[in-house]
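Q: fold the following and give me the result.
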Amino acid sequence: MSALHRIPSSPLHQFVQAIWLHAGSSADEARLVADHLVAANLAGHDSHGVGMIPSYMVSLSQGFLQLNQHTTIEKDVGAVITLSGHNGFGQVAAWEAMQLGIERASKFGIAAVGLHDSHHIGRIGHWAEQCAAAGFVSFHFVNVAGDPMVAPFNGSDRRFGTNPFCAVFPRSNGKPLLLDFATSGIAFGKTRVAWNKEQQVAAGYLIDHQGKATTKPGVMHQEPYGSLLPFGLHKGYALATMCEILGGALSGGRTTHEETLVTCHDAIFNCMTTIIVNPEAFDAPAMQQEAEAFLNWVKRSPQSGDAPIMVPGEWEESNRLERERDGIPLDSNSWEKICQAALQAGMPEEELAAFRALAQ
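A: Okay, the predicted model is just below:
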């Protein structure tokens, strides 16, 4: 089994910034990418954290990821805006899209933002948290255009992406309620983490290239490829279908079919349709009290075991507290791949040596 390191978040953030600065990103772009990736690890979502760097570097080297791009408005009708990300970093495109959507929701009470042609936008909860920090509710439908990894219900091969859905509700006296999940049983990145750790995944999440159940994460990373399965059988599949259409087609982007298939699995392109709502626009003066009454009611249920009852978003917050204190866990295989990506970006050996010491 691959050894585990604990890396403090602040110097890890500096390392990620330095990698993308050497690769050619502007200072703002390098910071936004580092903000997002390290925050994903702190939240406990290692599948969307710094372990993505080697994949991004491959996408950059093959001409898919474009550095220093910004969103442009394709259509603007006030409360509804369509944006193109121009194949640039999703961590920049999604941040800019949410900023614009927040401005419009402040003006109109509600806004819809369609973002297409964006490189990987990462952990969707990050963008929902951006909306919640401004006091807004948001809903996010996302697809992974042209990079199928998930088999349909009753199917046996990959036909669509992990297609996340996300929603957030800001609380006046607490952390926001946050729902953020892939519509596959597990995210693709979790198979990468398990593969690097030389571990298997739980049963019920994977099938091999023959459509047979397996627990080996390598079927997602080595030919002949297998597939992820939707969560909840037909329910996850149906929600994934709606994310494909609402996130891909409605945003002005593409859905997954023969004409959109990509040849490089490191070239991850997302489309996202986001609805941002100012809760103060509703006639709901007791909204916060009603939300808290419900949450308190749920938490008073007698525990069925040792694990506490959590509401959406609390798992991530508990991870943040622990990892800010103890460091971010990274297996040695993932760490070495990140260091190799730093060299590929142009980081000198002597500079890398100082960052390598973080894992000693």
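
Q: is H265 in contact with G146, as I believe?
A: No: counting by C-beta atoms under 8 Å, H265 stays clear of G146, with 10.4 Å between them. (Each C-beta comes from the backbone N, C-alpha and C, glycine too.)

Q: list of residues touching the worst-scoring helix or strand of the chain on mean pLDDT?
A: None of the helices or strands of the chain scores lower by mean pLDDT, DSSP states H and E than helix 188-196, at a mean of 91. The contact list for helix 188-196 (C-beta atoms under 8 Å, 6 or more residues apart in numbering) reads 2, 45-48, 51-52, 149, 162, 182, 200-201, 206, 217-218, 220-221, 228, 331, 333-334, 337.

Q: can you tell me the closest non-neighbouring residue to P170?
A: Distances taken as C-beta to C-beta, 6 or more residues apart in numbering place A132 nearest to P170, at 4.2 Å, with adjacent residues excluded.

Q: sorry, slip of the keys, the one I care about is G204.
A: The nearest residue in space to G204 (C-beta to C-beta, 6+ apart) is G185, at 6.4 Å.

Q: surely the one you found and K235 touch.
A: No: between G185 and K235 there is no contact under C-beta under 8 Å: 11.5 Å.

Q: quick revisit: H265 and G146 - which one has more neighbours?
A: The neighbour comparison of H265 against G146 (other C-beta atoms under 10 Å) goes to G146, with 22 against 16.

Q: so which residue is dead centre in this protein?
A: R123 (1.9 Å; C-alpha atoms, centre = their mean).

Q: that residue against H36, yeah?
A: Yes: if you go by C-beta under 8 Å, R123 and H36 touch, sitting 7.1 Å apart.

Q: T274 sits in which helix or strand?
A: Using DSSP states H and E, T274 maps to strand 269-277.

Q: next one: the helix or strand that comes right after that strand to chain centre, how far?
A: Per DSSP H and E, the first helix or strand lying C-terminal to strand 269-277 is helix 287-299. Computed by C-alpha atoms, centre = their mean, to the nearest Å, the chain-centroid distance of helix 287-299 equals 28 Å.

Q: other residues contacting helix 287-299?
A: Identification of contacts with helix 287-299 by C-beta under 8 Å, 6+ apart yields 169, 171-174, 177, 279, 284, 309, 311.

Q: ok, these vs I73, which is closest?
A: Distance to I73, by C-beta to C-beta, is smallest for P279 among the contacts of helix 287-299, at 26.1 Å.

Q: who are the contact partners of that closest one?
A: Applying C-beta under 8 Å, 6+ apart, we find P279 in contact with 135-137, 169-170, 287.

Q: kindly report the same for S138.
A: Per C-beta under 8 Å, 6+ apart, neighbours of S138: 101, 127-128, 131-132, 166-168, 274-277.

Q: quick check: it is in a strand.
A: Yes: the assignment for S138 is a strand, going by DSSP: H, G, I helix; E, B strand; the rest coil.

Q: for it, list each beta-bridge partner.
A: With DSSP bridges applied, S138 shows beta-bridge pairing to V168, I276.

Q: could you shift the numbering so residue one becomes 19, and keep it that way?
A: Okay, using 19 as the starting number, the last item reads as S156.

Q: just to be sure, G323 is in a helix?
A: No: assigned with three-state DSSP, G323 falls outside any helix and is coil.

Q: so what's it scoring on pLDDT?
A: We note a pLDDT of 94 for G323 in this prediction.
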